[in-house]
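Chemist: okay, sequence plus prediction incoming.
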Amino acid sequence: MRWSQTLIPTLKETPAEAEIVSHKLLLRAGLIRKLTGGLYTFMPLGLRALRKVEQIVREEMDRAGALELLMPALQPPDIWQQSGRYQAASDVLFKVRDRAKKEWVLGPTHEEVITTLVAGEINSYRQMPKNFYQIQTKFRDEIRPRFGLMRAKEFIMKDAYSFDATDEAAQASYHKMYDAYTRIFQRCGLKTIPVEADTGVMGGKFSHEFMVPAATGENEVVYCDACGYAANVEKATSAVPKGEARAAEGGVEKFATPGVLTIEALSKAPYNVTAERQIKTLVYMAESKIVLVLLRGDDQLNEAKLVGALGTATLRPAEAEEIFAALGAHPGSLGAVGVTRFPVYADERLRDAAGMTTGANEDGFHLRHVAIGRDIQVAHWADLRLVQAGEPCSKCGKPLKVQRAIEVGHVFKLGTKYSKALSALFLDEAGKQQPAIMGCYGIGVTRTLQAVIEQSHDANGIIWPISVAPYTVCITPLNVAPDSPVMQRAEQIYAALTARGVDVILDDRNDRPGVKFKDSELVGFPIRVGIGEKSLAKGEVEIKPRAGALMPVKAEEAVEKVMALLGGR
RNA sequence: CGGAGCGUAGCUCAGCCUGGCUAGAGCACUUGGUUUGGGACCAAGACGUCGCAGGUUCAAAUCCUGUCGCUCCGACCA
C-alpha cells in the first residue's frame, strides 16, 4: 500500500474526548473515528489491525477444534423469555420494533440462539463434543460507554459455546478453551493473567477471566506472587482470621453520639472506638424485601458475594426513606441489635465478636458492649467482605497484591441452565434423555485491540507487536521524485518485501522527513526502513525497529535484514 | 439513573464573569513561492445557523429558561 492512496488521518493534538492513552492513540493514529458516544468507525488502518486480531482468534479456535458459524444479531424476544433472561438482562438489551410493531432484540450475546440451534440439530451423545464459535458484532445498551472501544454500545466479540454429554467432557472442553485463550493473547503480544471470576448473571459453575494488567482497567484483581493464586476482587478470598471469640463484658449500653454518622467519626475523640470494634450495618432491598448486612467497621462489602449469599441478583441498597420506615433511624445510626423482623446476613469475620459498638436505630445514639449471638441474631453467615492488599493468601499465607486490569476474555462452565430452559436434550448411551452440558467463552476482540495499545506504547505513539500491526514495515523515502535513486530504491525494497508476503506501506507523501518519521512512530509500525540521499550515497539504508535502535545496513541486504527481524519467514 | 463539567471553524482552544464594532488564534485545508535527515517558512485564500429552541434587551457567543449532545465519577460487562 502507498500512504498517499489510503487514508491515515493522524492528529498532532489529542481530541478532548479521550481520557486514557490507548483511546488517545487510536484517535491520533487515525485508527478509529467516533460517530457518537460508544459507536466508532474503524478506519482502514484500524480495520487491518482488527482483522489481524480476528485472524489469530480464528486460527486458535480452529486449532482447538471449534467450528465457526455466524448467527443473526437480530433475535426474537421469545427465546430470551424462555431462558429467563429477558428480565434479567433487560437493562442491556437493545429492543427494536418492526413495521408490524413486533419487538425484536439486538443480540448482546448468543446463548439463546446457539442453544435453540443445538436443540434442533444435536440429538445424540455421538454428536458431541461440539464447540461452535462466531466473530460478530454485539449490541449492549451500556449504562455508560467509555474509553473508546473499551466499553462500547456495539463491539466485536468472539463467542464460543461448547456442548458435552458428560461432566468430564465439559471439563475437557473448558480446558481446551482456556489453553486456546492463553495462546491467543500470547500471540497478540499481550500479557494476561487468568483469574478466578464471579459467575454473575450468566449463571454457571465456575469461570476464569483473562486480565490485562493496566492502571486504567475497570476491574481489580487480587493475586499472590508466591503461589500463583489470582482472582477478581469480586471472587477473591483471603485468610484473614474469621473472628475472634471474646467474652461479653457487661450488658448493652446506649450512649449519645450526636452528629456521628460515620465509622470514622466514631473512631475519633471523644468516642475512640476503633473501626474493627464497630459493626457496620448496611440495608439492602433483595427482591423488594429488606435484609440487613453486617460487616466489621473496617471492612467493605463485596456486592457480588452478597448476591451469592442471597441467591438473587435482584438487589440494591435501600433508600434512606425505606430504611427509616424499617428501622426508625437514618443511615449512620443503624444497628441490628434486637432486630428480628428482617433477615440478618453477617460476614464471617464478626463470628463470636463481643464488646462491639453499633448504631442504636435511634438517630444520635449508639450501643456499646454488643455481643454477636447474645444481642444480634444472625440468620446467615457468609464471606461478604472485599479482600484488601496485604492480607494473607488463603492458599499459601503470603501477602496478597491488588492490581487494576482490563478484562479481555472470559470462560464459563455453564452447566445445564440454558440446555434445560431451551430443551437442548440428547440421548445418552443408555438411551436416556439428558440436557447437554454447556460452556461459553468470550473474547472482546475490539477491546483486545485497544488493550494491546494500552499495554504497548511510548511517548511517541503505538508500538505494535508484529502479529497485529496494520502494516509490519513502513518504507520511508525522504525523496519521492519517481526518478530519484532514493525513490527507486524504496520501490525496489517495497516490491521485494511485498513479494515475500510482508504487509508493507510505502510512505510516498511529499512531506518533510520530520512529518514522516513522527507519523510512522505515532502509528507504530514495527519496522521502518528509512531511505535518504546521505546514507544511500554510502550504499546504505536505515532500518529502525519501532522499539529499538537505528541500524544502517547495505541497501542490497535490506530485504533480508527485514525478513530476519520479522522472524525469518 | 444520581453527581460534576463542557458544547465557538475538521482538530486544540481564546472570547462569556462585566451584553455593543466585521467572532478570533494555532494546527489542518486550497493556491503560489522558498525549503527538505525529526511535526518548516512567506504570501494569498477558503472554512462558523457560536449545539438547538424560547425569553430578556435598542442590541445576545456573552444574561435567563428549557432542551439535546458529549466527557468524567458511581452501579453493568467482553
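Modeler: Nice, I can see it.
Chemist: which bits of the stretch 101-250 of chain A sit near RNA strand B?
Modeler: A:109, A:140, A:142-147, A:149-152, A:155, A:157, A:200-202, A:209, A:218-219 (CB under 7 Å from any atom of the strand). Yep, even glycine has a C-beta here, placed from its N, CA and C like the rest.
Chemist: just the buried ones from the residues you listed, in ChimeraX syntax?
Modeler: Buried subset of these, written as a ChimeraX selection, criterion 16 or more other CB atoms under 10 Å:
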select /A:109,140,142,145,147,149,150,151,152,155,157,200,202,209,219
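Chemist: looking at the residues of the stretch 101-250 of chain A next to RNA strand B, which are in strands?
Modeler: Among those, the members falling in strands (DSSP state E) are A:155, A:157, A:209, A:219.
Chemist: quick one, what contacts the closest residue to residue A:505 other than its chain neighbours?
Modeler: Distances taken as CB to CB, 6 or more residues apart in numbering place residue A:471 nearest to residue A:505, at 4.2 Å, with adjacent residues excluded. The contact partners of residue A:471, by CB atoms under 8 Å, 6 or more residues apart in numbering, come to A:1, A:45, A:48, A:503, A:504, A:505, A:525.
Chemist: closest to RNA strand B among the residues you listed?
Modeler: Proximity of the contacts of residue A:471 to RNA strand B (CB to the nearest atom of the strand) peaks at residue A:525, which lies at 12.2 Å.
Chemist: how far away is that closest one from residue A:559?
Modeler: Distance check for residue A:525 against residue A:559: by CB to CB, to the nearest Å, it reads 16 Å.
Chemist: more neighbours: those two, which one.
Modeler: Between residue A:525 and residue A:559, counted using other CB atoms under 10 Å, the more crowded position is residue A:525 (31 against 21).
Chemist: tell me which residue of the stretch 451-569 of chain A lies closest to RNA strand B.
Modeler: residue A:532 (2.1 Å).
Chemist: any idea whether residue A:515 is helix, strand or coil?
Modeler: Per DSSP: H, G, I helix; E, B strand; the rest coil, the secondary structure class of residue A:515 is helix.
Chemist: now do the contacts for it.
Modeler: Residues in contact with residue A:515 (CB under 8 Å, 6+ apart) are residue A:509.
Chemist: distance of it from residue A:31?
Modeler: Residue A:515 sits 18 Å away from residue A:31, taking CB to CB as the criterion.
Chemist: filter the contacts of residue A:471 down to the ones in helices?
Modeler: Using DSSP state H, the members of these that fall within helices are A:45, A:48.
Chemist: restricted to strands, list the contacts of residue A:471.
Modeler: Members of the contacts of residue A:471 lying in strands (criterion: DSSP E): A:504, A:505.
Chemist: report the two of the contacts of residue A:471 separated the most.
Modeler: A:45 and A:504 (13.5 Å; CB to CB).
Chemist: in the stretch 201-350 of chain A, where is pLDDT below threshold?
Modeler: For the stretch 201-350 of chain A, the stretches flagged by pLDDT under 70 are A:201-205, A:242-248, A:313.
Chemist: what's opposite the closest residue to RNA strand B within the stretch 301-450 of chain A in the beta bridge?
Modeler: Residue of the stretch 301-450 of chain A nearest RNA strand B, by CB to the nearest atom of the strand: residue A:444 (2.5 Å). On the basis of DSSP bridges, residue A:444 is bridged to residue A:157.
Chemist: wait, doesn't it sit right on residue A:155?
Modeler: Yes: using CB atoms under 8 Å, residue A:444 is in contact with residue A:155, at 6.3 Å.
Chemist: what's the neighbour count on residue A:434?
Modeler: When neighbours are counted by other CB under 10 Å, residue A:434 comes out with 17.
Chemist: next one: the one 10 residues further on
Modeler: Burial of residue A:444, expressed as a neighbour count using other CB under 10 Å, amounts to 25.
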